[in-house]
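> No letters, just coordinates:
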């Protein structure tokens, strides 16, 4: 009985993770030793990213329970070792940077990216290819800030050129009047 209760609790926890977080990575951390996993977990924790090893069948059940077809697209990649990285913050770039840095430091391809849900989009496997895409993915907020900055500089230039041309015209008028 306790086993059923613990599975139900874990299932509801996974449903909550999938429903309440805006950044979710599915990775394979098999073949990493406990020290490496500890280092990864600490690096993720420092950026409010949690790490949870899950059973694929339980994760599939959680995805089905949400009643949202978008999660079904993850089913083909749910095999072997699966670890869920999740955060309710937009930490897409940070998660990718931590993984890339780990690859470089330990000269390994683990954690291997199986898939991710970030910026309301899905990314699948491919390891480094999709990891690089996620590494350079900009949030909506970042894009809006860039647009405002571009507009701000354009408006500033327009106002300055108007002021300069007005001062120039006033200067010419004054110069002409002073000669008369």
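Thanks, I have it. Predicted model, so just to flag it, every value in this text is computed and none were measured.

> can we go C-alpha only for contacts and neighbour counts from here?
Will do.

> who touches the nearest residue to residue 55 once chain neighbours are set aside in this structure?
Once flanking residues are discounted, residue 55 sits nearest to residue 82: 6.9 Å by Cα to Cα, 6 or more residues apart in numbering. Counting by Cα atoms under 8 Å, 6 or more residues apart in numbering, residue 82 touches 26, 27, 28, 29, 53, 54, 55, 56.

> which residues does residue 115 contact?
By Cα under 8 Å, 6+ apart, the residues touching residue 115 are 25, 26, 27, 74, 77, 122, 123, 124, 125.

> before we move on, the earlier item: which ones among the contacts of residue 82 lie within strands?
Taking DSSP state E, the ones among these that sit in strands are 26, 27, 28, 53, 54.

> tally of neighbours for the first one?
Residue crowding around residue 26 was assessed by other Cα atoms under 10 Å; the count is 28.

> Just confirm it contacts residue 79, I think it does.
No: with contact defined as Cα atoms under 8 Å, residue 26 does not reach residue 79; the gap is 10.9 Å.

> Tell me the confidence at the spatially most central residue of the chain?
By Cα atoms, centre = their mean, the chain has its centre lying nearest to residue 92, at 1.4 Å. Predicted confidence (pLDDT) for residue 92: 81.

> quick one on the thing from earlier: could you tell me which of the ones in strands among the contacts of residue 82 count as buried?
26, 27, 28, 54 (16 or more other Cα atoms under 10 Å).

> show me the contacts for the second one.
Residue 27 makes contacts with 81, 82, 83, 84, 85, 111, 112, 113, 114, 115, as judged by Cα under 8 Å, 6+ apart.

> What residues are bridge-paired with it?
On the basis of DSSP bridges, residue 27 is bridged to residue 83, residue 113.

> Distance-wise, check it relative to residue 48.
From residue 27 over to residue 48 the distance is 17 Å, taken as Cα to Cα, to the nearest Å.

> Next: residue 94.
10 Å.

> okay, and the common contacts of these two?
With Cα under 8 Å, 6+ apart, residue 94 and residue 48 have no common neighbours.

> buried ones in stretch 70-79?
Buried, per 16+ other Cα under 10 Å, within stretch 70-79: 71, 74, 78.

> One more: stretch 81-97?
Going by neighbour count (16+ other Cα under 10 Å), the buried part of stretch 81-97 is 81-87, 90-97.

> same thing with stretch 11-30?
The neighbour-count check on stretch 11-30 (16+ other Cα under 10 Å) flags 11-12, 14-15, 17-18, 21-29 as buried.
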